[in-house]
Each structure stands twice: as C-alpha cells, then as structure tokens.
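S.K.: Need a 3D model of the following:
(2 chains)
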Amino acid sequence: MTELASWPLLSTLLALPVLGALATAVLRRAPWAQWLALGSAVLTLLCSLLIVVAFDGANAGFQLIDSASWIAGLKIGYLVGVDGLSLLFLPATALLFCGAVLAGWRVSATASPLPPGLYFALLLLLEAATLGVFCALDTILFFFCWELTVLPIYFLVSLWGIGGGRQAAAVRYFLVMLASGVPLLFGLLALAFGNAAAGSGALVFDLPTLLDSPLAERAQYTVFLLLLVGFAAKVPLVPLHTWLPALAMGAPAAVTALIVGLKLGAYGLIRLAIPLAPVAASDLHWLLAGLGTLAMLYGAVAALAHSNLRGVLAYASLSHVGLVVLALATFSASALQGAVLQLLNFSVAGGGGFLVLSFLQRRSGSTDIAQLGGVIRSMPLLSGFFLLFGLAGIGLPGTSGFPGELLIVVAALHSHTGAGLAALFGTVVGAAAFLAPFRHAFLGPLRNPDVAAAQDLLPRELALLLAPALLILGVGVYPLPILELLRPTAEAWVAALAGL
Amino acid sequence: MNEWYWTAQAGYPLLATLQWLPLAGALLLLIIRRARLAVAVGRLFAVAELLVAVDLYLRIDLSTRVLQFAERVDLLAYHAAADGISVLFILLTALLGVLLSCYGMARQQITPVHLLGVLLVIETSLMTMLTTMNLLWFAAASAVQLALVGYLLWRWASASEERLALSRFLQYQLFGWLLFVAGSVVLVWSHVDVVGSAAGRWSFDLFDLLATPQIGKYQSAAFYLLFYGLAIRTPLFPLHGWLPNSAGYGLIAVGPVLLLGVKVGIYGMARFLLPLTAEAVMIWQPYVVAFAMVGVFYAALLAFRQANLRRLMAFAVVSHTSLIVIGLFTLHPAGLQGALLLAVNFGLAITVMLMMIGYVYRRAGTTNLDRLGGLFDRVPFIAIAFLIGGLALLGMPGTPGFDAVHLVLEASIEAFGALPTIATALGNVAAAGFLLWAFQRAFLAPRPRDLPARRIARTGAMEYFVGGATLLVLLVAGFYPEPWLQLTDTATQALAAYFQHD
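M.R.: Next comes the predicted model:
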C-alpha cells in the first residue's frame, strides 16, 4: 500500500482528464473522440478508486499530499491532498462524468459544424477543474479551479443546450458565478491578510497552515460572510438561486446532471468557510440554519409547482442542499457525516435521474409533464429506474438517501428544534413533489403517440444506469463503511470548532 | 542611480540594435522593388527584432536594481538603459511587431510593403520610448509615433466620419504632447532654479534630475502637466474622447494595436512621473484614484450602449486602463508590479481581440453587432481566441490577468481599504458583462439573412498562426507567471522605494 501512496496519485487524477481533453479536442473524427473521451473518463474513475484504496481511513488529517512551487513570487503553491470529507467526492465526480460522456454519445454528432471532439473536451476540462476543487489545499488554487469550472459550462450550455432561452441562461450563469467569485476571492484575500496580521506577517494561502493559525475574531466575521456569499451563489441558497431553473431547462441533459449533481458550493462551506472562521460560524449558526431551512422549504414547494420534470429535479436539488446547510449549522459530527452522505447520495441519485430524463427526452421529445403520461406502459425499465432515483432522493429507507437524511434530521431536532421540525415538514413536501409529477407523467393514460411508440432502455443505457442504482441500494442497506470512513475527519472537524 | 554599460554585459550595443534594426528594415523596404520579397524581408526584420529582445531578456541581471545595458552619446543627450520593467515592455512590443507584420490588412488603401515600412518605423519609435532615459527623447519619439499613426488614419480616411476621427485624434494627441513637453520644461527649469544657476544646467536626463533634490514649489504643476500628457495617450477617463471615434472608424487592428497594445503612457508614468514628482504623487494620489474608480464604471456603462464591436472595445480599454492606474497609484510594490503586468496583459489581450475583430470584418464586411451572428459554426477558432482575449481582460484565472489583478487588489486593499476595492472589482465584472454580450451577439446568435454561411471563409493558416501564437503566450504566461513576476520584481521594488520615506 505504501508504494501506491508514494506515487503522486492526485496529480495523476487531475492530469488524466486534462490530457484526455487536449487529445479529444484535436481529433477530427467523431467516433474516435467519443471513445477517447470515454477512455479518459474511465481511467480517471479507476484512478479515483485507487486513491480510495490508498487512503488511510483511520487518519483524520490530509493525505496523499502533492506539492510543487507554482507562483513563488505570490506565495501561491500547487498543493493538493484529500481527507475523509473530500475523498469520496472524487469517485462520485468521476462516476458522474463517465455517465455524462456516455449520455452525450450522440449529442456531438448532431451539431455538425462544430469540431466533433469539442463537446467531450469541454466535459473533460470541467471534470479536471471539479476534481481540482475537491483536492486543492491552497486557497488560490481552489479559487483557480473554482473559476475554471464556469467556462466549460457556459459553452456546453450555449452551444449544445435546448430551447431558445439557453443563451440567456448561460450568460446569467456566467455572470452570477463571476460576480460571486468577487466576494469569494476577497474572502480568501482577507483570510490571508488576517493571518498575516495575526502571525508571521507574510501572506499565506496554504490551507493546512491557515487551519492551524486561527484568525482574530473580528476578521473572522468578514471572512465568513464573504465566503458565505461566494459559496451561496453556487450552492445555491435561496436569494441567489435564480440561475438554476433557467439553466436546468436550457442545458443539455448530461450537463444539467453535472451542475445539479456536483455540490461544489456546499463542499466549499464544509472545507473553507466554517473551519477557517469557526468563531464567526458558530456565532452565526442561526444564519446558516435559516438559509438552509429556507432553501429546503422553498425548493420543495417550487418543485411541487413546476410543470417540467427537469425543473422538478432542479428544485429538488435546491431542497436537498438546503438540508445539508442546515446540517452544517448543527456542528455535530454525526450531522456532518450525514451531510456528506446526503451530498454524495444526491450526486448519484440526481445525476441518475437527469440521465433517465435525457433518455426520455430523446424518445418523446419533451420532459414536460403535460406532454407525458403512461410512460410506464411503453418503458417500464426506464420508469423503474426513475422511481428508484426519486425514492433515493426523498430518502426512503433502504436507499442511500435514508441514513444521511436521518442523521441530519435527528441532529437538527436536537440543536435547532424549530428548524428540525421545518426540515421534517420539508421532506414530506419533497416526497409529494416527487410522487405527484411521477404519477402524472409515468402512470395514468397514454396521451402522447411518441411515448406510446417509444422503445424501452437499450442495453447500453441499462448498463449505464445500473451502476448508480446498485450504489444506491448497496449504500442504503449497508452504509456503515462510508460512515466509518467519514468519522475520524468529521470528529476532528467538529473538535476543531468546539476547541475554540 | 547607477548603471552598467553595455560593454560589461553584451558583445554589441543591444539597446541601439533594438532601435536601429526596424529602422534599417524600413529603409530596406524602400529599396526593394518586388512586393513579395519586400513583405518577406519586413517580416524577417520583425522576427529578428523579437530575437534581439529575447537576447536582452536572457542577458539582463535581475538580482540588482542597477539600470543595465546603458549607452550614452553626450553630444545628442542620447542616454538609453533598461531594467526589468522596460524589458517586459520591449518583449511585448517586439512580439506585437511580429504579429502585426503577419496580420496583413483588409482594405488595400496602401500597399502591404508600405504598411510594413510604417509599422517598422513605429516599432523603432516605441523602442526608443521604452529605452530612453531622457524626457526630450521620450517626447520626440512619442511625436514620431503619433504622427505615423495619424498618417495611417489619414490614408484610411475616406468617409467624413473617418476625417472627423482623424482630426479628433490629432487635436487630442497634440494637446497631450504639448502638456508633456511643458511639464518637462517646468520640471527641469525648477530643478535648475533649486540647484542654482551656477551649478545647474538644463538637462532632461532622468539620472541628472534624480540626482538633485526633489523640487518643492512647482512639483504639483509639473506632476499635473506630465500626468495629463500621459493620461491622454493612455487614455484615462475623462481624457479618452479621441479613442472611440478613431477605434470605430479607420484601421481596425494595426493602428489601434500600436496605440493601445503597448501602453507607453503607463510606462512613462512608471519611468518618469512617479520617481520625478514623488512628493506630488503622494499628495494627489487620492484624487487620481477616485477619478480612475469612476472611470472603471463610467466606461463599463457606456460600453453597454455600443452597437459596434470596435467602439465597444474602445470603452473596454478605458475601463481597464483605469484599473491599471489604480494599481500604479497604490504606490505599493505589489500594486506597481500588478499594474505593469496588467498593462502588458491588457496589451496582449486587446491585440488578440482587435485582430480577431479584423478577421471578422474581412468576412462580414462590418463590425456592427446587429449585422453579425452565427460565426461560431464557421470560424470557431476566431471566436475562441476572441473570448480568451476577453477573459484575459477580465482577469480570469489561467490568464496573466489573474495574477496581475490579484496583485493590484492585494495592494489596493492595503492602500485604500476593502470597500473601494470590492467596488472596483465589481466594475471589472460589469466589464465582463458587455464582453460576453458582444461575444454572444457576434458569434453565437442566429446568423442574419444577409450573411450567408458560404460567404464566411474558414480560418486560414496565417490566421491560425497569429491567433494561436498570441493565445499560446497568454495561456503560458497565465499558468506559469513566475518568470514575469521575477522580471519585474526588483525594478518595482526600486520604484516603490521612492514612496517609503516614513
């Protein structure tokens, strides 16, 4: 095992999709580009699994650290590493991207005037940037990867999206992300300045050092609020969520799966905002809890009211992340474990759900609930998978959604009783928000001739959906290994907060 | 101030070579009759110039604050020397020279050979401005450069708007030039006055002026004259009136790139204005910065209202130049370094964007946003190059703009506090809004009916080269900025030392 851990695994993980993207971009022939993209995505997934194997579960600190000097003049380094909290996001991300590449198999062929490999190259670039966000241990490297995620999404949506509103949606997304990048960068700079004022006098950006040296209390409020605003737009929390519905409707299905499935904003709160400004965070716990509860209820109600299945899923994701933010406000180890589990669960379930919708869209030409009906008669397998992903989303026992939700709600009832009760209510509304559209769109009489004539899942698609489905059931029945993997780091995280 | 002579560092007078080589090339072009050969020779000279500039970069010693490669001819008051800052700008100028010599032109108002000749002479004047240590030489070279750009505008002027643009350009630039010369005279005169007429002699040399103590009474006057003279060139809000017109009409790329790509106004501020009038700079710093902050927003807002890609770019330049000036007037080592890197980054970014706009014009015959659209399908490379240029203007991570903006913001927080800095950064995001909007209108929106797809030629080999080379430099410098930071480090430290008396 030690030989494995001495190899720069994380750098390999980041390099693989970048190399894949470069190679894919220059290939002239579409089939080659597709296979190459799939190959790089699968290799990345294997590499991420290797990292899980090489990871020492008993150790709560950062592991597999790679470092190199990057911009020495500004004290910005290339520093990557993982701990228990970030570890599992790597395979989840890699899996999601494998699905996205497969789901985009035909997309690139239809938009003929563009270079065939461009779609896949952008996807792989997005994968590299996302993995970079999860591994970065230097705040500026984190910001760098964070901003790099925006550009591929902009192009993927505006060039391969659906409907007339896609370009406006892409621009809105880009601008919201860019504008939220400003407070984020300032938060990180304020952090470095605060740190310099408290200690050595030099600006430092590497996370382990910053975590070891607490900030002055006043500076913590500035840092925390700036970072909160920066991350809230990505999470998204309620007043800053306006980009999500338009983007979910306009983006190609696989990209929607990625945007909704990747929980970068919540990860940012866990990794940076709370541990770096612990006093401010625990003092402002009501703010986190309030924002979380608001997002959760709003998302559930909006999902109930939406007339398109993609919109329903997008708002459901809003509701889920709201629950996660509420979990963070409780500052308990079990809730944090639940939160990470919940994020991972929604990555898999939400991503799977959007893939199913992309298959449905391809067959029936629409995901509008009014246009569908009786889908289960012509496509029983597809409907079955959608039901499974939806049930995992609402946290039915036996699926991977259950343990996370349970841990969070119990902890929330304990520390924020009102918010906990609201969350409980929110899960009920969320269940209704899934089951009602499911009944209208999948059950009931056949209304659309396209739906009646459609073919059920192809073997290729079946194979693609099987992996997330098995994961959901497996983790749902036996979640202990994952919770154990999270426990040491979660306890250390909470202890660091409590110690101050 | 100390200097090392060129004999100590190189086998040949590097700085003189930099100035004479393009001039020799231009003279050679006058003799050669065959057009194709002449174009090849012109490009060869531009490449040779770049090689000499790289040689300069390799030979310069960055560990010392001493000015290097010094050359003097006392009879002509010729005095040239270089430090990290000038090398950075020289590299940029030489690179732009190569790119422009390969760029060509759309409307054949003059022959390509003629254009190359003018281009090389302009390059000479820029090199003189970047190497000279003498205020009058700087002013003289500046006059030559402006006159030549004016000449290009005049040759292109056919419609009345173009004549208007030309006269605006000449009025503004002549006025700015006179202000600069007047400022120099005031400065030198009061130096002579302070030292006493017996010992003092009229010298416009930077070294002589810095050797005598700072002048008291007339320093603010000198500062204002020099500052406004340079600000008109830069151009800085509210002195930018000439730019939108001359950018909107006349040449698309060659002239504007020569004016805006190499920000000699900024260079002049760093080289002459800041050290020579250090006390006045510290007095007037808040006012300059306040104006620049207004400028960031004002220009960003006006850019929103433009329907022409070229005018829009002009306002983008004004908006970003304000950001550079903010960095410069933090008077903090990081801010100065950031501002200079930002100037070079903007130069490159503006160049690639203007050249891509030129390519669009060659295909569509217009740069009016209403009549463009759907170009991405046909020329994705040009679109992406334009967008990356825009992102570099924005300071997106992965472009040199990020490191530079990062430095400026760091210094600005320290000098002016967080709130004005955040406001400025948001102004920068507003600038992003209009660039993105323009990109969408020109490249992604549905193609208008009078612009059929077959009229849009695919990207040509030379276009790939010009765009690709610029992008390569931008991206490499963005992902690995260490060499540029090192290049300017000691020089900006030396500059900042003038403002740290306390």
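
S.K.: So which bits of the stretch 301-450 of chain B are right by chain A?
M.R.: Contacts of the stretch 301-450 of chain B with chain A, taken as C-beta under 8 Å from any C-beta of the partner chain, map to B:376-378, B:380, B:391, B:394, B:396-398, B:402-403, B:406-407, B:409-410, B:413-414, B:418, B:421-422, B:425-426, B:429, B:432-433, B:436-437, B:440, B:444-445. In short, each C-beta sits where N, CA and C put it, glycine included.

S.K.: Residues of the stretch 151-300 of chain A that sit close to chain B?
M.R.: So the stretch 151-300 of chain A meets chain B at A:151, A:158-159, A:167, A:171, A:174-175, A:178-179, A:182-183, A:185-186, A:189-190, A:193, A:203, A:222 (C-beta under 8 Å from any C-beta).

S.K.: just checking, which of those belong to helices?
M.R.: Among those, the ones falling in helices (DSSP state H) are A:151, A:158-159, A:167, A:171, A:174-175, A:178-179, A:182-183, A:185-186, A:189-190, A:193, A:222.

S.K.: Buried residues of the helix or strand harbouring B:Thr421, list them for me.
M.R.: According to DSSP states H and E, B:Thr421 maps onto helix B:418-439. Buried residues in helix B:418-439, counted by 16 or more other C-beta atoms under 10 Å in any protein chain shown: B:418, B:420-422, B:424-439.

S.K.: Then stretch B:202-221?
M.R.: Applying a neighbour-count criterion of 16+ other C-beta under 10 Å, one finds B:203-210, B:214-215, B:218-219, B:221 buried in stretch B:202-221.

S.K.: ok, the residue of the stretch 301-450 of chain A at minimum distance from chain B - how many residues close by?
M.R.: Closest to chain B within the stretch 301-450 of chain A is A:Gly365: 21.6 Å, counting by C-beta to the nearest C-beta. Number of residues near A:Gly365 (other C-beta atoms under 10 Å in any protein chain shown) recorded here: 13.

S.K.: Point out where the stretch 201-350 of chain A drops to low pLDDT.
M.R.: For the stretch 201-350 of chain A, applying pLDDT under 70 flags the ranges A:201.

S.K.: Likewise for the stretch 351-500 of chain B?
M.R.: For the stretch 351-500 of chain B (pLDDT under 70), the answer is B:432.

S.K.: quick one, helices of it?
M.R.: B:375-378, B:380-394, B:400-416, B:418-439, B:461-479, B:482-496 (DSSP state H, counting those that start in this stretch).

S.K.: Would you mind listing what in chain B touches chain A?
M.R.: Taking C-beta under 8 Å from any C-beta, the part of chain B that reaches chain A is made up of B:376-378, B:380, B:391, B:394, B:396-398, B:402-403, B:406-407, B:409-410, B:413-414, B:418, B:421-422, B:425-426, B:429, B:432-433, B:436-437, B:440, B:444-445, B:480-482, B:485-486, B:489.

S.K.: Dump the helices of the stretch 351-500 of chain B to TSV, plus distance to A:Arg29.
M.R.: As requested, the helices of the stretch 351-500 of chain B are arranged in TSV below (distance: least, C-beta to C-beta, whole Å):
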stretch	distance to A:Arg29
helix B:375-378	19
helix B:380-394	17
helix B:400-416	35
helix B:418-439	29
helix B:461-479	20
helix B:482-496	38
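
S.K.: can you pull the contacts of residue 268?
M.R.: You didn't pick a chain, so chain A it is. A:Val133, A:Trp146, A:Leu227, A:Gly230, A:Phe231, A:Lys234 (C-beta atoms under 8 Å, 6 or more residues apart in numbering or on different chains).

S.K.: not quite, I wanted chain B
M.R.: Contacts of B:Gly268 (C-beta under 8 Å, 6+ apart): B:Met129, B:Phe138, B:Leu230, B:Arg233.

S.K.: Give me the subset of those that lies in helices.
M.R.: B:Met129, B:Phe138, B:Leu230, B:Arg233.

S.K.: Mind listing residues that contact the helix or strand where A:Ala496 lies?
M.R.: In this structure, A:Ala496 sits in helix A:480-498 according to DSSP H and E. Here helix A:480-498 makes contact (C-beta under 8 Å, 6+ apart) with A:55, A:57-61, A:83-85, A:87-88, A:211, A:270, A:274-275, A:278, A:281-282, A:331-334, A:336-337, A:340-341, A:344, A:403, A:475.

S.K.: Kindly supply the ChimeraX command isolating those of those residues that are buried.
M.R.: Buried residues among the contacts of helix A:480-498 (16+ other C-beta under 10 Å), as a ChimeraX selection:
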select /A:55,57,60,83,84,85,87,88,211,270,274,275,278,281,331,332,333,334,336,337,340,341,344,403,475
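
S.K.: Let me see the contact set for A:Asn276.
M.R.: Small correction: residue A:276 is Leu, not Asn. A:Leu191, A:Leu210, A:Leu211, A:Leu215, A:Val223, A:Phe224, A:Leu227.

S.K.: A:Pro275 is in contact with the third one, correct?
M.R.: Yes: under the criterion of C-beta atoms under 8 Å, A:Leu211 is in contact with A:Pro275, at a separation of 6.1 Å.

S.K.: secondary structure element for B:Gln337?
M.R.: helix B:333-364.

S.K.: er, A:Gly81 actually
M.R.: Using DSSP H and E, A:Gly81 maps to strand A:76-82.

S.K.: any weak-confidence spans in the chain?
M.R.: Since no chain was named, I'll use chain A. For chain A, residues meeting the criterion pLDDT under 70 lie at A:1-5, A:106-116, A:200-201, A:499-500.

S.K.: looking at chain B here, not the other one
M.R.: B:1, B:105-110, B:157-158, B:196-201, B:213-215, B:248-253, B:432, B:501-502.

S.K.: which residue ranges form the strands in it?
M.R.: Secondary structure of chain B (DSSP state E): strands located at B:3-5, B:67-73, B:78-82.

S.K.: ok, now which ones touch the residue nearest to B:Ala82 when sequence neighbours are not counted?
M.R.: What sits nearest to B:Ala82 in space, not counting adjacent residues and going by C-beta to C-beta, 6 or more residues apart in numbering or on different chains, is B:Phe69, at 5.1 Å. Taking C-beta under 8 Å, 6+ apart, we find B:Phe69 in contact with B:4-6, B:9-10, B:13-15, B:56, B:59-60, B:80-82.
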